[in-house]
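Colleague: Got a predicted model here, sequence first, then my questions.
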Amino acid sequence: MEDCVVGDENSNLLIPCSTGDPQLDTAVWQWLSWDKNPKTRAQIENLLRNGMNKELRDRLCRRLTFGTAGLRSAMGAGFSCINDLTVIQSTQGMCRYLERCFVDLNQRGLVVGYDTRSQATSNCCSKRLSKLAATVFLSKGIPVYLFSRYVPTPFVPYAVQKLKAVAGIMITASHNRKEDNGYKVYWENGAQIISPHDKEILKCIEENVEPWSGSWNENLADTSPLKRDPLEEICKSYMEDLKKICYYRELNMKTTLKFVHTSFHGVGHDYVQSAFKAFGFNAPIPVPEQMHPDPNFSTVTCPNPEEGESVLELSLRLAEKEGARVVLATDPDADRLAVAELQENGRWKVFTGNELAALFGWWMFACWKKNRTKEAKVKNIYMLATTVSSKVLKAIAVEEGFQFEETLPGFKWIGNRVKELLDNGKDVLFAFEESIGFMCGTSVIDKDGVSAAVVIAEMASYLEKKNLTLAQQLVNIYEMYGYHISKTSYFMCYDPATIRRIFERLRNFSCPKEYPQFCGRYGVLHIRDSTTGYDNSQLNKKSVLPVSKSSQMITFTFQNGCVATLRTSGTEPKIKYYAEMCGTHGQSDKTFLEEELKQLIEALIENFLQPSKNGLIWRST
């Protein structure tokens with residue numbers, strides 16, 4: 001193989017010119033010509049020098065695409081990873097698209113925020129990536145509201161609306177593993193982008209892959225007069241708006257309840273402390289080992305509080321030591337909330353997202369009802385949930401007379417629908433997704449762990465006055481509206497072909513284009529395939545929900561009343577399952593529902609997912 005100099009005048013590295021693959025050669029040349037980060041350049045040069053063509057192809061011949069939460073991938077070198085160059089390319093594409101969509105872009109500008117993720121080996125950190133994103137716009141004379149400090153993800157959509165910006169960018173990978181980072185995009189309505197914006201931005205990215213002349217000038221983010229720091233204004237405004245959903249401030253000031261809060265090595269500590277102050281509470285007790293940002297997430301096996309007691313160990317032990325009954329855990333970018341409560345038997349109950357939603361839904365409606373004006377009509381009140389989440393809000397809505405709607409999985413669908421309802425004069429009290437994502441009120445049109453934390457604290461304080469725990473009130477809610485017993489889990493699957501094969505088998509089960517009529521001994525009543533748009537519960541066999549071809553999702557309604565969904569994750573190599581038995585009003589045989597659900601899930605796994613045959617890896621607990 002002939003040697004030659006590849007790269008710019010600063011590199012001057014003698015490495016093989018050709019890999020024997022023209023597509024890969026072009027990608028290598030582009031990368032080494034465009035990337036100015038020494039560490040990511042060196043990663044590609046080393047792979048090239050060592051003839052590691054497969055890894056080079058994986059890194060350079062695949063591009064990032066918008067998924068459930070925008071762009072998300074491992075940090076490192078290559079067009080398929082999150083790094084300086086791909087953030088610049090993504091932002092250039094976004095800039096071109098925003099120029100097309102907004103004639104007043106140069107007046108309104110956009111918002112950029114970031115979390116605390118960092119990776120030394122690639123010199124990638126969220127703060128640096130946010131400055132590069134800001135630089136792309138600033139170099140084109142477009143104003144940028146760039147937070148000077150890390151913020152919770154909800155602060156970006158909040159700022160977009162408050163500052164009347166055209167869009168927002170948040171550099172975060174939320175609760176993903178430490179190796180990952182991401183690029184989340186919000187539209188002018190304060191909601192995450194949906195189609196066609198995601199597809200059009202991707203087209204513009206592909207048309208603007210070569211860095212513009214000013215895009216690497218990171219100093220602009222510090223020196224440009226077009227850059228504004230919105231941190232103080234947004235913090236103050238957010239905390240003031242938060243008070244709109246505070247209903248028992250006097251009670252909060254007097255409560256004897258103690259709360260422990262962990263921010264999971266992320267951004268949440270200071271902001272949750274401020275939220276408690278806004279509600280009149282004493283500050284929650286922080287977990288010292290987890291209160292400060294740590295991109296290595298040193299004290300947890302994974303930075304996802306949804307994993308439950310196994311990752312909440314430090315906060316539970318601290319709560320026992322301090323005599324605190326309630327533990328609150330925000331994930332690393334503070335958009336999600338986990339809650340645990342000490343029970344009378346000395347054990348901790350870690351609430352599921354669906355259980356917390358039952359509590360939030362009851363609370364938000366009860367507070368609205370108590371404080372409603374004479375003109376307020378219950379029929380104009382809405383709550384929303386994703387289709388894979390519990391139907392408990394639907395049961396409450398039927399009894400109380402307000403409206404309930406379902407959306408596709410992902411808060412991008414909830415946020416955009418909420419904005420439509422608000423624009424049509426409706427009131428939205430609460431929305432949620434089962435993966436511990438909650439929206440209390442509409443100051444933020446996205447999930448928000450900061451507001452959820454302080455609302456659940458107020459709820460617990462109110463219930464304490466009535467000699468009730470959160471767990472006891474949950475039972476009261478189920479006895480009032482019907483038990484909803486749900487179970488959610490997942491399998492890891494790193495082979496996309498296997499995932500496709502599993503779902504295609506379900507679409508061609510006993511013969512071509514025939515879905516299963518039974519799952520073991522359980523008869524299937526209805527099937528909705530959100531990937532293809534098929535729904536046999538509708539007269540025209542077409543799903544009412546939008547079709548989403550980018551992910552796999554099939555929902556089965558069984559003759560025994562169970563609803564179960566199989567779907568792929570938009571951010572991780574997972575096949576998730578969601579199953580729920582919905583008891584009717586007055587049906588109090590919880591044990592029967594639990595056993596029926598357990599047996600149906602076993603049949604679902606054995607007959608539909610076939611983990612042994614397909615090499616699926618069980619969720620580790």
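Modeller: Nice, thanks for sending it over. From a predicted model like this one, the values you see are computed outputs, not experimental measurements.

Colleague: those strands in the stretch 251-400 of the chain, which residues are they?
Modeller: Secondary structure of the stretch 251-400 of the chain, counting by DSSP state E, counting those that start in this stretch: strands at 259-262, 285-286, 326-330, 337-342, 348-350, 381-386.

Colleague: who touches the shortest one?
Modeller: Outside of strand 285-286, the residues that reach it under the criterion Cβ atoms under 8 Å, 6 or more residues apart in numbering are 258-263, 269, 273, 318-319, 322, 324. C-betas here are computed from N, CA, C, even on glycine.

Colleague: okay, the strands of the stretch 251-400 of the chain in a markdown table with mean pLDDT and distance to residue 27 next?
Modeller: Putting the strands of the stretch 251-400 of the chain into a markdown table (pLDDT from 0 to 100; distance: least, Cβ to Cβ, whole Å) gives the following:
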| stretch | mean pLDDT | distance to residue 27 |
| --- | --- | --- |
| strand 259-262 | 98 | 42 |
| strand 285-286 | 98 | 46 |
| strand 326-330 | 98 | 39 |
| strand 337-342 | 98 | 41 |
| strand 348-350 | 98 | 46 |
| strand 381-386 | 98 | 37 |
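
Colleague: Out of the ones you listed, which is closest to residue 167?
Modeller: For residue 167, the closest of the strands of the stretch 251-400 of the chain is strand 381-386, at 23.0 Å, according to Cβ to Cβ.

Colleague: what residues does the closest one touch?
Modeller: Around strand 381-386, the neighbours that count as contacts under Cβ under 8 Å, 6+ apart are 357, 361, 364-365, 368, 391, 393-394, 396-397, 402-410, 413-414, 417-418, 421, 426-434.

Colleague: quick one: residue 162 and residue 235 touch, right?
Modeller: No. The criterion here is Cβ atoms under 8 Å, and residue 162 misses it with residue 235 at 11.2 Å.

Colleague: Strands of the stretch 1-150 of the chain, residue ranges please.
Modeller: 3-6, 13-16, 71-74, 110-114, 118-119, 124-125, 144-146.

Colleague: Mind listing the strands the longest one pairs with, and their directions?
Modeller: Looking at strand 110-114 with DSSP bridges, its partner strands are strand 144-146 (parallel), strand 167-171 (parallel).

Colleague: tell me the most buried of the ones you listed?
Modeller: Counting by mean count of other Cβ atoms under 10 Å, strand 167-171 has the highest mean neighbour count of these, with a mean of 29.

Colleague: Put the alpha carbons of it into PDB.
Modeller: Coordinates of the C-alpha atoms in strand 167-171 are reproduced here as PDB (Å, rounded to 0.1, in the frame of the first residue of the first chain):
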ATOM      1  CA  ALA A 167     -35.400  27.100  18.700                       C
ATOM      2  CA  GLY A 168     -33.300  25.600  21.300                       C
ATOM      3  CA  ILE A 169     -30.400  23.100  21.500                       C
ATOM      4  CA  MET A 170     -29.500  21.100  24.600                       C
ATOM      5  CA  ILE A 171     -26.200  19.100  24.600                       C
END
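
Colleague: For it, give the mean pLDDT please.
Modeller: pLDDT averaged over strand 167-171 equals 98, rounded to a whole number.

Colleague: Other residues contacting stretch 90-103?
Modeller: Applying Cβ under 8 Å, 6+ apart, the external contacts of stretch 90-103 come out as 64, 71, 105, 108, 110, 132-133, 136-137, 140, 142, 166-167, 169, 183, 185, 188, 197, 200-209, 211-212, 215.

Colleague: What helix or strand is residue 212 located in?
Modeller: Secondary structure assigned from DSSP states H and E places residue 212 in neither a helix nor a strand.

Colleague: circling back: tell me which of the strands paired with strand 110-114 approaches residue 36 most closely.
Modeller: strand 167-171 (18.5 Å).

Colleague: Distance from the helix or strand following that closest one to the middle of the chain?
Modeller: Secondary structure here is assigned by DSSP H and E; on that basis, the next helix or strand after strand 167-171 toward the C-terminus is strand 180-187. Mean C-alpha position of strand 180-187 versus that of the full chain (Cα atoms, centre = their mean, to the nearest Å) differs by 10 Å.

Colleague: Also stretch 442-450?
Modeller: On Cα atoms, centre = their mean, the centre of stretch 442-450 falls 12 Å from the chain's centre.

Colleague: List the contacts of it.
Modeller: Stretch 442-450 is contacted from outside by 152-154, 157-158, 161, 186, 189-192, 238, 241-242, 244, 268, 271-272, 275, 330-331, 334-337, 411, 415, 418-419, 422, 428, 432-433, 437-440, 451, using Cβ under 8 Å, 6+ apart.

Colleague: Kindly report the same for stretch 501-515.
Modeller: Where contact means Cβ under 8 Å, 6+ apart, the residues beyond stretch 501-515 that reach it are 516-517, 524, 527, 529, 531-532, 534, 536, 552, 554, 566, 575, 608-610, 614.

Colleague: can we see that at 7 Å?
Modeller: For stretch 501-515, contacts defined as Cβ atoms under 7 Å, 6 or more residues apart in numbering pick out 516, 527, 529, 552, 554, 608-609, 614.

Colleague: which two of the residues you listed lie the greatest distance from each other?
Modeller: Put simply, by Cβ to Cβ the two of those set farthest apart are 527 and 614, 20.6 Å from each other.

Colleague: Among those two, which residue is more densely surrounded?
Modeller: Between residue 527 and residue 614, residue 527 has the larger neighbour count (other Cβ atoms under 10 Å), namely 19 against 16.

Colleague: one step back: now the strands of the stretch 251-400 of the chain as JSON lines including distance to residue 596 and mean neighbour count?
Modeller: What follows is the strands of the stretch 251-400 of the chain, written out as JSON lines (distance: least, Cβ to Cβ, whole Å; neighbours: other Cβ atoms under 10 Å):
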{"stretch": "strand 259-262", "distance to residue 596": "36", "mean neighbour count": "28"}
{"stretch": "strand 285-286", "distance to residue 596": "41", "mean neighbour count": "20"}
{"stretch": "strand 326-330", "distance to residue 596": "31", "mean neighbour count": "27"}
{"stretch": "strand 337-342", "distance to residue 596": "27", "mean neighbour count": "25"}
{"stretch": "strand 348-350", "distance to residue 596": "22", "mean neighbour count": "18"}
{"stretch": "strand 381-386", "distance to residue 596": "22", "mean neighbour count": "23"}
